[in-house]
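In: got a sequence here, can you model it:
(2 chains)
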2 protein chains.
Amino acid sequence: MKKLINDPKNVVAEAVAGFQAAHPDLVRVSQEPTYIVRRDAPVAGKVGIVSGGGSGHEPLHAGFVGVGMLDAAVPGPVFTSPTPDPILAATQAVNGGAGVLHIVKNYTGDVLNFETAADLAAAEDIEVRAVIITDDVAVKDSLYTAGRRGVAGTVLVEKIAGAAAERGDDLASVVRIAEKVNANVRTMGVALTPCVVPHAGEPSFTLAEDEIEIGIGIHGEPGRERIKLEPADAIVDRLLDAILTDLPFASGDTVLLLVNGMGGTPLIELYIIFRRAAEVLAAAGIDVTRRLVGNFTTSLEMQGASVTLLKLDEELTELWDAPVETAALRWGR
Amino acid sequence: MKKLINDPKNVVAEAVAGFQAAHPDLVRVSQEPTYIVRRDAPVAGKVGIVSGGGSGHEPLHAGFVGVGMLDAAVPGPVFTSPTPDPILAATQAVNGGAGVLHIVKNYTGDVLNFETAADLAAAEDIEVRAVIITDDVAVKDSLYTAGRRGVAGTVLVEKIAGAAAERGDDLASVVRIAEKVNANVRTMGVALTPCVVPHAGEPSFTLAEDEIEIGIGIHGEPGRERIKLEPADAIVDRLLDAILTDLPFASGDTVLLLVNGMGGTPLIELYIIFRRAAEVLAAAGIDVTRRLVGNFTTSLEMQGASVTLLKLDEELTELWDAPVETAALRWGR
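Out: All right, here's what the predicted structure looks like:
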């Protein structure tokens, strides 16, 4: 295992310290318990939004803390849920008196620990609501979930709900919008290589030199099937076929297309994928009006990618376009 | 070799098509000859800025085309200079009557082909000046260069010269500023793994499971030395020692610190590196006032990183802070 790290047990603490050093204009960091909040938190009268989960998916979630998106991110150990303590502390730190939304990817540990933190916050009279993200169409249940997993669609929920909170929507309205995004977003991914969790030191699974995993999870959990390596276009067609028939998306729909890298795939390949996805959608009569390409929800150095479609309407488009100022997404200001 | 591509010989054409599909709000693309221009090119009365070089370093250069940075990018085949024809065509396409600056990384093929294109443009009465980027402190000459190589510091030249052109500076002034950035910027990198050029299908070099290459070039050219893998902090200290003693940087200096990923290294590791670099600079009395972390000048899926320092003054800081709107850098608008 070759990584640019020091002691594996200090990876998250050192990365969080680096995040603070790199983005003092955007965030403040707490080390014990570990969380990241936007610099001006808490914002009085604004719904606070907290997300989090295991580390190793950067820039998710810390890279999305800032004006117009998350108020706080709570990074657990690599691929391991944060405990309730830092989630509670982050919830307190962003409580501006209008309630707090927890955006939680659907993994058993995350759901449980966010629930416990919400109960503890309620005991302090902080109103907390949770929205569970379930955008991965690949599998119904998996190693770490009952029901569908939350993957790259989480970024879209965070951006759009964040814009609603920023414009002053109340908690019920921000929850409604987050649930609406989750109901209309679908993702499927592919892995070419596994990744190595630093404290494990070994790949979490193996793939033969000519094998890929269709429907991979963001922790390397099994997907739908292992197949021989195919041309990129054939792979994209597989992913989109699963996505399009799921919602289902239909001719005349307006969508946001996100092509997300798993961390170790070069950007030049992500654009090759984007090209094919745009072609397939055009042929299906689906209008791509918003676009995003890059590494947003990663699995350490895993080679692979995911394709996400969000069905848009006027409300979601307007919130997507609203200004955002974070380390990993920034526009309009 | 596992990559998300189709036919290796179509990699650049398909990626460029994907870039157009992903960023219609920012750019227009020409396929034959292949170049990318900002959507509103040519801008009358503005100095045009063209950069380019072999593909495989994305987002460099296409990701930096847009308002406040490059007017055009000319991608050659992977790790291979573009020929004079597309460079000439891009130069013509961005000529707004105020002359054109070529920003050229110092590799023999790039320098020669940009020179030929400049001669051809001069024959059409387009005034062209070139600035050659030489920020890599690792080696004096290399496989592909006489003199120092141009690496991640190129991004800083493109941003700052782009801001000068955007505010209306004339060609001589934009050249002066680009040369000033190049004179004050220093970079050194490290590789943990090689990368595979698609049409070659094999790694361009090999590293043992416990070996790293200090001073790597962005095409995998040899650096200063191969050593056993060390903790990240020790590696950062080596890179910074070479950089700091080169300019030299001194206590009291104000700098921009860029930690750049080579493509396959997770963001969490780049922040660990940033943290150490910030610590070392603070101890040396050097004030980091501007910061950038991410994958900006890559080598396909290579695992590794580089550290870049730019000595700032008021003029460079103001130009760095100016609005920019490109696929890979965006702020202030």
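In: can we go C-alpha only for contacts and neighbour counts from here?
Out: OK.
In: pLDDT wise, what is the residue lying closest to A:D253 once chain neighbours are set aside at?
Out: Distance criterion C-alpha to C-alpha, 6 or more residues apart in numbering or on different chains; nearest residue to A:D253, sequence neighbours excluded, is A:I286 at 5.1 Å. Predicted confidence (pLDDT) for A:I286: 98.
In: need the contact list for A:I286.
Out: Shown in contact with A:I286 (C-alpha atoms under 8 Å, 6 or more residues apart in numbering or on different chains): A:F249, A:A250, A:S251, A:G252, A:D253, A:T254, A:V255.
In: count the neighbours of the third one for me.
Out: To tie it back to what came earlier, the one meant is A:S251. Counted by other C-alpha atoms under 10 Å in any protein chain shown, the residues lying close to A:S251 total 12.
In: leaving out sequence neighbours, find the closest residue to A:G18.
Out: Computed as C-alpha to C-alpha, 6+ apart, the closest residue to A:G18 that is not its neighbour in sequence is B:R275, at 3.9 Å.
In: looking at the stretch 1-150 of chain A, which residue is nearest chain B?
Out: With distances taken as C-alpha to the nearest C-alpha, the stretch 1-150 of chain A approaches chain B most closely at A:G18, which sits 3.9 Å away.
In: state the distance from that residue to B:V259.
Out: To B:V259, A:G18 is 11 Å away according to C-alpha to C-alpha, to the nearest Å.
In: who has more neighbours out of these two?
Out: Legend: neighbour count by other C-alpha under 10 Å for A:G18 and B:V259, higher for B:V259 (27 against 24).
In: ok, A:H199 touching A:N10?
Out: No: using C-alpha atoms under 8 Å, A:H199 makes no contact with A:N10, being 9.7 Å away.
In: which helix in chain A runs the most residues?
Out: Longest helix in chain A, counting residues (DSSP state H): helix A:267-283.
In: report all helices and strands that the helix or strand just after that one contacts.
Out: Downstream of helix A:267-283, the next assigned helix or strand under DSSP states H and E is strand A:287-294. With contacts defined as 3 or more C-alpha pairs under 8 Å, 6 or more residues apart in numbering or on different chains; DSSP states H and E, the packing partners of strand A:287-294 are strand A:254-261, helix A:267-283, helix B:11-22.
In: so which of those gets nearest A:I5?
Out: Closest to A:I5 of those, according to C-alpha to C-alpha: strand A:254-261, at 21.6 Å.
In: so what strands line up beside the closest one?
Out: strand A:287-294 (parallel), strand A:304-311 (antiparallel) (DSSP bridges).
In: make a markdown table out of these and add mean neighbour count and distance to A:G153.
Out: Formatted as a markdown table, the strands paired with strand A:254-261 follow (neighbours: other C-alpha atoms under 10 Å in any protein chain shown; distance: least, C-alpha to C-alpha, whole Å):
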| stretch | mean neighbour count | distance to A:G153 |
| --- | --- | --- |
| strand A:287-294 | 18 | 12 |
| strand A:304-311 | 27 | 6 |
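In: just put these in TSV and tack on distance to A:V78.
Out: Compiled in TSV, the strands paired with strand A:254-261 are given as follows (distance: least, C-alpha to C-alpha, whole Å):
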stretch	distance to A:V78
strand A:287-294	21
strand A:304-311	19
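In: closest one to B:I243 among those?
Out: strand A:287-294 (29.9 Å).
In: low pLDDT regions in the stretch 201-333 of chain A?
Out: The model of the stretch 201-333 of chain A has pLDDT under 70 over residues A:333.
In: residues from it in reach of chain B?
Out: Residues of the stretch 201-333 of chain A lying close to chain B by C-alpha under 8 Å from any C-alpha of the partner chain are A:209-210, A:229, A:231-233, A:263-276, A:278, A:291-293, A:300-301, A:304, A:330-333.
In: of those, buried ones?
Out: Using 16 or more other C-alpha atoms under 10 Å in any protein chain shown as the burial test, those include A:229, A:232-233, A:263-276, A:278, A:291-293, A:300-301, A:304, A:330-331 as buried.
In: contacts for stretch A:12-26, please.
Out: Counting by C-alpha under 8 Å, 6+ apart, A:27-29, A:31, A:34, A:38-39, A:55, A:65-66, A:75-78, A:325-327, B:268-276, B:278, B:291-293 sit against stretch A:12-26.
In: buried ones in it?
Out: Buried-residue list, stretch A:12-26, by 16+ other C-alpha under 10 Å: A:12-23, A:26.
In: I'd like the distance from it to the chain centre, please.
Out: In this view, stretch A:12-26 has its centroid 19 Å away from the chain centroid, taken as C-alpha atoms, centre = their mean, to the nearest Å.
In: check stretch A:23-39 too.
Out: Here stretch A:23-39 is found 19 Å from its chain centre; the criterion is C-alpha atoms, centre = their mean.
In: quick one: end-to-end distance for that stretch.
Out: 10 Å.
In: and stretch A:50-70, by the same measure?
Out: Chord length of stretch A:50-70, first to last residue, is 6 Å (C-alpha to C-alpha).
In: wait, A:K140 sits on A:G147?
Out: Yes: in this structure A:K140 lies within contact range of A:G147 using C-alpha under 8 Å: 5.0 Å.
In: out of the contacts of A:I286, who has the most neighbours?
Out: So for the contacts of A:I286 (other C-alpha under 10 Å), the most neighbours sit at A:V255, 23 neighbours.
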